[in-house]
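Student: prediction below, plus the sequence it came from.
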Amino acid sequence: MDQLINYTLFLADNALIMGHRNSEWCGHGPILEQDIAISNIALDLIGQARNFYQYAATLIGNNATEDSLAYLRDVKEYKNCLLVEQPNADWAQTVLKQFFFSTFQYYLYQQLQNNNDEQLKAIAAKALKEVTYHVRWSSEWVIRLGDGTEESKKRIVKAVDELWMFTGELFEPASYELNTNIDFIFLKENWNKRIRSIFAEATIDVPAETSWHQSGGKIGNHSEHLGFILAEMQFLQRAYPNSEW
């Protein structure tokens, strides 16, 4: 049971933190259409997080709720990957981060549809429709920036340099992921294949394969960025207890 709870929280935390990062663009997008697009993706991810938190709350019991799990845990209790908590920096880094994460979610949720747990299976099936759009939207932006102007190319290449080191953790299973029937080799191979295909269209070089990468988020060892995210995100609930979504 503990493994299922931790895995459900891992899925929820990833979606919530990524959604919150995207929400920071609301009102600041480069053009109105993309401002709306990134805000809608944020809403999709927060909706996914709610479904996972609600399920985790039923598994935990003891009056746990989606709100207490999202807003009343400390930094080390969060299990999201380091990738999703990285700063937005600029538009290039934001869309590349979304592309890396959405591609991971896409192949992960495909496998979760065959999970033995009926609730995880149902949430994954619903979310996959949204994630399919997220992959398409973010990949189009990666191509647009990579095969665009000299300035856009410079920015997307810099984003690859900044974020690539965080992608390895996606395929490094924590102990609570070992009994989920997820084929991590399949997951990584398909992720790499999609990344290489889009990078080729974007005329971006894929970084050399290396065994070293940043990790630790899945077991609660986070970068300094998550603390600042939670300070902002949790303020209302902690200042006004029992507020609801």
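Tutor: Yep, that arrived. Residues are numbered from 1 along each chain as shown.

Student: in stretch 201-220, what's buried?
Tutor: Buried residues in stretch 201-220, counted by 16 or more other Cβ atoms under 10 Å: 202, 204, 214-215, 217-218, 220. To be clear about C-beta, it is placed using only N, CA and C from the backbone, and glycine gets the same treatment.

Student: and these, which is closest to E140?
Tutor: Minimum distance to E140 across the buried residues of stretch 201-220 is 9.9 Å, recorded for A202 (Cβ to Cβ).

Student: ok, the closest one to I195 distance?
Tutor: 10 Å (Cβ to Cβ, to the nearest Å).

Student: that older thread, which of the buried residues of stretch 201-220 sits closest to E118?
Tutor: Using Cβ to Cβ, the buried residues of stretch 201-220 come closest to E118 at K218, 24.3 Å.

Student: ok, and the closest non-adjacent residue to that closest one?
Tutor: Spatial nearest neighbour of K218, excluding adjacent residues (Cβ to Cβ, 6 or more residues apart in numbering): A174 at 4.1 Å.

Student: same thing with E66?
Tutor: Per Cβ to Cβ, 6+ apart, closest to E66 is Y53, 3.8 Å.

Student: all the strands of the chain, residue numbers only.
Tutor: Ranges of strands within the chain: none, based on DSSP state E.

Student: show me where pLDDT drops low in it?
Tutor: In the predicted model, the chain carries pLDDT under 70 at residues 25, 27-33, 35, 211, 243-245.

Student: where along it do the helices fall?
Tutor: 2-23, 32-60, 66-71, 82-85, 91-112, 118-146, 150-163, 184-201, 224-233, 235-239 (DSSP state H).

Student: which elements pack onto the fifth one?
Tutor: The reference is to helix 91-112. Under the contact definition 3 or more Cβ pairs under 8 Å, 6 or more residues apart in numbering; DSSP states H and E, helix 91-112 sits against helix 2-23, helix 82-85, helix 118-146, helix 150-163, helix 184-201.

Student: pick the most deeply packed of the helices of the chain.
Tutor: helix 82-85 (a mean of 26; mean count of other Cβ atoms under 10 Å).

Student: chain center to it, what's the gap?
Tutor: Offset of helix 82-85 from its chain centre (Cα atoms, centre = their mean, to the nearest Å): 7 Å.

Student: tell me what that helix is packed against?
Tutor: Here helix 82-85 touches helix 2-23, helix 91-112, helix 224-233, going by 3+ Cβ pairs under 8 Å, 6+ apart.

Student: nearest to F186, out of those?
Tutor: helix 91-112 (7.5 Å).

Student: now find how far off-centre the closest one is within its chain.
Tutor: 7 Å.

Student: sorry, back to before: turn the buried residues of stretch 201-220 into a markdown table, columns for distance to L230.
Tutor: Below are the buried residues of stretch 201-220 laid out as a markdown table (distance: Cβ to Cβ, whole Å):
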| residue | distance to L230 |
| --- | --- |
| A202 | 33 |
| I204 | 33 |
| Q214 | 19 |
| S215 | 20 |
| G217 | 13 |
| K218 | 17 |
| G220 | 13 |
